[in-house]
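> I'll drop the sequence and a predicted model, then ask my questions.
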Amino acid sequence: MPVFKPFKASRPTRDKVGLIASRTYETYSKAEREARLDHNPFSFLHIVNPGYKYHKEISGPQRFNLVKNRYEEFKEDGNFIKDKKPLFYLHKIVYRHQTEFIGIVGAASVEDYEQGVIKKHEDTISEKVNVFKDYLKTVRFNADPVLLTYQKNEVIEQISQKLMEQRAEYEFTTTSRETHYLWLISNEDDINSIQKACQQTDCFYIADGHHRSSSSIALKQDLEKANSKHTGNEAYNYFMSYLIPEDQLKIFEFNRLVSSLNNLDPESFLIALDEYYKIENRGQDYFKPSTKHEFSMYLEGEFYSLILRKKAYEFTDALSELDAQVLYKTILSPILGIKDLRNDKRIAYVQGQKDMAYVKGAVDQGDYAVGFGMYPTSVSEIKTIADEGLVMPPKTTYIDPKLRSGICIYEF
């Protein structure tokens, strides 16, 4: 029975929202980021990249304090307003006039995450969690919701459809050709109905945002210790989330690139693969996996299909069924000697929207020796991994939607 609460968002004025909203800082190339900072004084990037004002790279606690200052300046300049009562926010995203994502922005419970009512499928890096915790503790706001998913609920669906018949509070299109709509859910009956519908759900699943969720736990623990009057109702007991039905998620694969064959020549490498795979040389024919336990490979200017020999590999649990784990157990670790998927510099990950053409180009340029194409992981696989308390290998899924920073801001 997960808790999902409305909150008082700080959000851009209607005339500024399209200028303020930005992708997350890391998704921009240096040239893209500088162009937006140079030509758009309202971009949220000015808040999260405060060193731009001083033409200097700034990090650590000094950056955190400057982020807080820039945010306060944006508010003082009238670029943000704060809602007077707790609301939910219906956010619809349309990609290139085709794919639609419709979800609700609200506050999820840290305690639910601690108790396993909000389930995870990825591991986190403690150093990264602590850095973001310290950042949150300083700036006292969160501008990037965690992507949570749940089984479609008819009550929430009806409320959403009814609301979308009205004029949206926000409607703007980005240079990436995404169109965003935001409606304020202010009717008390609708708010109560959404909360009751969530409480009738067994659990939520984290689709994207594991580090942000874990940082919220660490933040809550720190602030609770420092607050002698802690009640459990404080804003730091919750974290901003975008709740979306699981049938709306779009899951792409992460393909793999490896820089060397671990001192093997291509022929010896192919012979080693034969223990686990039926191998077919596809020559120049572009090949993409069409089912689980099938991989594409690009080596020495040619495509190959690799089909797992089921009798040569033992399936023991949901993790062992994952293609990312199969590739690790049969090729990356035993043949190529890659034991640490997170830190080994020989392996790189390419999200599947760039497809095997990108992998081919990277190998042809000589930057990598071999590339592997994956079949996308399914929602049911993610849920099974989470239900069994298991952890996926790094870069197993690339999930849309990707949410913009600065549309709704959660203060605590």
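Sure, I can see it. Numbers count the residues shown, from 1 in each chain.

> any low-confidence regions in the stretch 301-412 of the chain?
Within the stretch 301-412 of the chain, no stretch has pLDDT under 70.

> Kindly indicate whether Pro2 is helix, strand or coil.
Using DSSP: H, G, I helix; E, B strand; the rest coil, the structure places Pro2 in coil.

> can you pull the contacts of Met1?
If you count contacts by Cβ atoms under 8 Å, 6 or more residues apart in numbering, Met1 has them with 117, 199-202. No exception for glycine: its C-beta is placed from N, CA and C like everyone else's.

> Tell me where the model's unsure across the stretch 101-250 of the chain.
For the stretch 101-250 of the chain, no stretch is flagged by pLDDT under 70.

> Map the structural domains onto the sequence of this protein.
Recorded structural domains for the chain (assignment: automatic domain parsing) are 4-251+400-411, 254-395.

> circling back: quick one, which of the contacts of Met1 are buried?
Neighbour counting over these (16 or more other Cβ atoms under 10 Å) leaves 117, 201 as the buried ones.

> Of the contacts of Met1, which pair is most distant in space?
Using Cβ to Cβ, the two most remote members of the contacts of Met1 are Val117 and Gln200, lying 12.8 Å apart.

> Output the residue ranges of the strands in the stretch 301-412 of the chain, listed in chain order.
Chain-ordered strands for the stretch 301-412 of the chain, with DSSP state E, counting those that start in this stretch as the definition, fall at 302-308, 347-351, 370-373, 398-400, 410-411.

> which one of those strands lies closest to Phe88?
Nearest to Phe88 among the strands of the stretch 301-412 of the chain is strand 410-411 (12.6 Å), distances taken as Cβ to Cβ.

> wait, what's in contact with Ala226?
Taking Cβ under 8 Å, 6+ apart as the contact definition, Ala226 lies against nothing.

> gap between it and Asp38?
Ala226 is 40 Å from Asp38, where distance means Cβ to Cβ, to the nearest Å.

> Name the nearest of the contacts of Met1 relative to Leu336.
Distance from Leu336 was checked for each of the contacts of Met1 by Cβ to Cβ. The minimum falls on Val117, at 39.3 Å.

> right, and the closest one touches Phe4 too?
No. With contacts defined as Cβ atoms under 8 Å, Val117 does not count as touching Phe4, sitting 10.9 Å away.

> list the residues that contact both of those two?
Between them, Val117 and Phe4 have 109, 204 as joint contacts when contacts are counted by Cβ under 8 Å, 6+ apart.

> List of residues touching stretch 353-363?
Applying Cβ under 8 Å, 6+ apart, the set of residues contacting stretch 353-363 from outside is 252, 255, 257, 286-288, 296, 298-299, 303, 348, 350, 368-373, 398.

> Identify the bridge partners of Gly106.
Each beta-bridge partner of Gly106 is listed here: Ser241, as defined by DSSP bridges.

> can you give me the strands in the stretch 151-300 of the chain?
Using DSSP E, counting those that start in this stretch, strands in the stretch 151-300 of the chain cover 170-173, 178-185, 204-208, 238-245, 250-252, 254-258, 277-283, 294-299.

> and Ile104, which of the strands of the stretch 301-412 of the chain is closest to it?
Distances from Ile104 to each of the strands of the stretch 301-412 of the chain were compared using Cβ to Cβ; the shortest belongs to strand 410-411, at 13.8 Å.

> Sounds good, over and out.
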